[in-house]
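Undergrad: next one to model:
(one chain, ligands or ions: 3)
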Amino acid sequence: MNMHSPPQSGRGIGPLPTNHPPVRARKVGVLLVNLGTPDGTGYAPMRRYLKEFLSDRRVIEWPRAAWYPILYGIVLNTRPKKSGRAYDLIWNTERDESPLRTFTRAQGEKLAARMSGEAEVVVDWAMRYGTPSIAERIDALQDTGCDRILIYPLYPQYSASTTATVNDKAFEHLMGKRWMPAVRTVPAYHDDPVYIDALARSIEKHLGSLDFEPERVIASYHGIPQSYFRKGDPYHCHCQKTSRLLEERLGWPKGRLMTTFQSRFGPEEWLQPYTDKTVEALAAQGIKRVAALNPGFVSDCLETLEEIAGQVAESFLHHGGERFAHIPCLNDSEEGMDVIEAMTRRELRGWVG
Ligand SMILES: C=CC1=C(C)c2cc3[nH]c(cc4nc(cc5[nH]c(cc1n2)c(C)c5CCC(=O)O)C(CCC(=O)O)=C4C)c(C)c3C=C
Ligand SMILES: [Fe+2]
Ligand SMILES: [Fe+2]
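TA: Ligands and ions are numbered 1, 2, ... in the order given. All right, here's what the predicted structure looks like:
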């Protein structure tokens, strides 16, 4: 309800003074937030994106005095070109954007359609790094009248380097506001039956469409440095629990589903076993047919398409494997949207309906 029209005289308040700031209809915002992505694959956009990403203290926890000389002296000089070439292999040329952005937008649009029965709900999407920014989309939600906002970090497993930094960024922006919306954040849903069931249905569907039966199925999660885990990040436990529940739901014999960690960055030890080493070892053991999925990624992206479906697949075949299949992320599939809708509705309880 816009309190300027009609004037509130019937309730004894009287018309608001003409210099009163606007007061808008009460709506509830849902902001899906994914990691981020460069705006292009050239040197400048790649460098801008990597600079923002790798300057985040939640991502690189090293003391700045040790990290910045490496970041500015080496990483930001060499990585933009190398990563740009990798993004070129997976770029959505039709829309001139990365797959991560395409899928995140589609998830936002499909969630909006699924929530259309709730007139007060407004759905939007943003990126932690790059565009559209969290700040811009929070402002846009407030401009449409949202006085309550649900921040939905698109990560089933909690990690400080992903979930927490999304929430940090949202609250950092809200610090500058006189009239702050009420805020909720979506917790990890690594063990939610709706999520486990969606993964299982997706696996069954994709394995059923293959012309071979994989001897091993690898659940490959993005890694984090072991030091983060030792400091108390629950990410590793969340990943292990997702895999255990998935294996139970699928009813598979022990050992068919393997849990591994990918995408190492820098010299530290990361969570193990490593995906690339595991796949090479399987090939060396005489395993010929493998499928891999990425349960921790809500959308396909560089790390799933170029790293797993590209490099890791190639390495498996190179080391003696014969067939390798990548099972797509849940993306904006029916199964994927069932999860996003269920988490949204659960967290909106009391605000909506
Ligand atoms: C110390 C560095 C990193 C940590 C910790 C980290 C955690 C982490 N990341 C994701 C999800 C994604 N990461 C992606 C890319 C990516 N990640 C790192 C480093 C760390 N990630 C780098 C340097 C890069 C960029 C790779 C490159 O450009 O060369 C992406 C892909 C984005 C895309 O546009 O496709 C995702 C998604 C998770 C889930 C996670 C911790 C749990
Ligand atoms: Fe990452
Ligand atoms: Fe990678």
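Undergrad: can you pull the contacts of the closest residue to residue 235 other than its chain neighbours?
TA: Leaving aside its chain neighbours, residue 235 sits nearest to residue 159 (3.9 Å; criterion: Cβ to Cβ, 6 or more residues apart in numbering). (C-beta placed from N, C-alpha, C; glycine too.) Going by Cβ atoms under 8 Å, 6 or more residues apart in numbering, residue 159 touches 224, 228, 233-235.
Undergrad: try residue 304
TA: Residue 304 touches 294, 297, 326, 328-329, counting by Cβ under 8 Å, 6+ apart.
Undergrad: I figured residue 310 hits residue 89, correct?
TA: Yes. Between residue 310 and residue 89 there is a contact under Cβ atoms under 8 Å: 6.6 Å.
Undergrad: and these two? Which one has more around it.
TA: Each of residue 310 and residue 89 has its neighbours counted (other Cβ atoms under 10 Å); residue 310 has more, 16 against 12.
Undergrad: what secondary structure does that one sit in?
TA: helix (DSSP: H, G, I helix; E, B strand; the rest coil).
Undergrad: list the contacts of it.
TA: Counting by Cβ under 8 Å, 6+ apart, residue 310 has contacts 89-90.
Undergrad: could you measure from it over to ligand 1?
TA: 12 Å (Cβ to the nearest ligand atom, to the nearest Å).
Undergrad: and that residue, how close does it get to residue 316?
TA: To residue 316, residue 310 is 11 Å away according to Cβ to Cβ, to the nearest Å.
Undergrad: still on that earlier bit, can you narrow the contacts of residue 304 to ones near ligand 1?
TA: Here is what survives when these are matched to ligand 1 using Cβ under 6 Å from any ligand atom: residue 297.
Undergrad: with pLDDT and neighbour count added, can I get the contacts of residue 304 in JSON lines?
TA: Formatted as JSON lines, the contacts of residue 304 follow (pLDDT from 0 to 100; neighbours: other Cβ atoms under 10 Å):
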{"residue": "294", "pLDDT": "98", "neighbour count": "27"}
{"residue": "297", "pLDDT": "98", "neighbour count": "27"}
{"residue": "326", "pLDDT": "98", "neighbour count": "21"}
{"residue": "328", "pLDDT": "98", "neighbour count": "18"}
{"residue": "329", "pLDDT": "98", "neighbour count": "24"}
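Undergrad: which two of the contacts of residue 304 have the greatest separation?
TA: The span of those, defined through Cβ to Cβ, is set by 297 and 326 at 11.4 Å.
Undergrad: hmm, back to that, give me the pLDDT value at the residue nearest to residue 235.
TA: pLDDT for residue 159: 98.
Undergrad: C-terminal to the helix or strand where residue 123 lies, what's the next element?
TA: Per DSSP states H and E: residue 123 is located in strand 121-129. Next along the chain after strand 121-129, taking DSSP H and E as the criterion, comes helix 134-143.
Undergrad: which residues does whichever helix or strand comes after that next one contact?
TA: Reading on from helix 134-143 to the C-terminus, the next helix or strand found by DSSP H and E is strand 146-153. If you take Cβ under 8 Å, 6+ apart as the criterion, strand 146-153 is touched by 26-33, 122, 138, 141-142, 162-163, 166-167, 170, 181-186, 340, 343-344, 347-348, 351.
Undergrad: give the buried subset of these as a PyMOL selection command.
TA: Applying 16 or more other Cβ atoms under 10 Å to the contacts of strand 146-153 leaves a buried subset, and the PyMOL line that selects it is:
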select buried, resi 27+28+29+30+31+32+33+122+138+141+142+162+163+166+167+170+181+183+184+185+186+340+343+344+347+348
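Undergrad: okay, and which of the contacts of strand 146-153 map to helices?
TA: 138, 141-142, 166-167, 170, 340, 343-344, 347 (DSSP state H).
Undergrad: could you tell me which ones among those also sit near ligand 3?
TA: The subset of those within reach of ligand 3, by Cβ under 5 Å from the ion, is empty.
Undergrad: who touches the residue in the stretch 151-300 of the chain positioned nearest to ligand 3 in this structure?
TA: Proximity of the stretch 151-300 of the chain to ligand 3 (Cβ to the ion) peaks at residue 263, 4.0 Å away. Contacts of residue 263 were listed using Cβ under 8 Å, 6+ apart, and they are 222-223, 303, 307.
Undergrad: low-confidence ranges in the chain?
TA: Low-confidence segments of the chain (pLDDT under 70): 1-14.
Undergrad: in it, which spans are strands?
TA: For the chain, the strands defined by DSSP state E cover 27-36, 121-129, 146-153, 182-185, 216-222, 257-262, 289-293, 323-326.
Undergrad: thinking again about what came up before, among the contacts of residue 159, the buried ones, what's the PyMOL command?
TA: Selecting only the buried entries of the contacts of residue 159 in PyMOL, with 16+ other Cβ under 10 Å as the criterion:
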select buried, resi 224+228+233+235
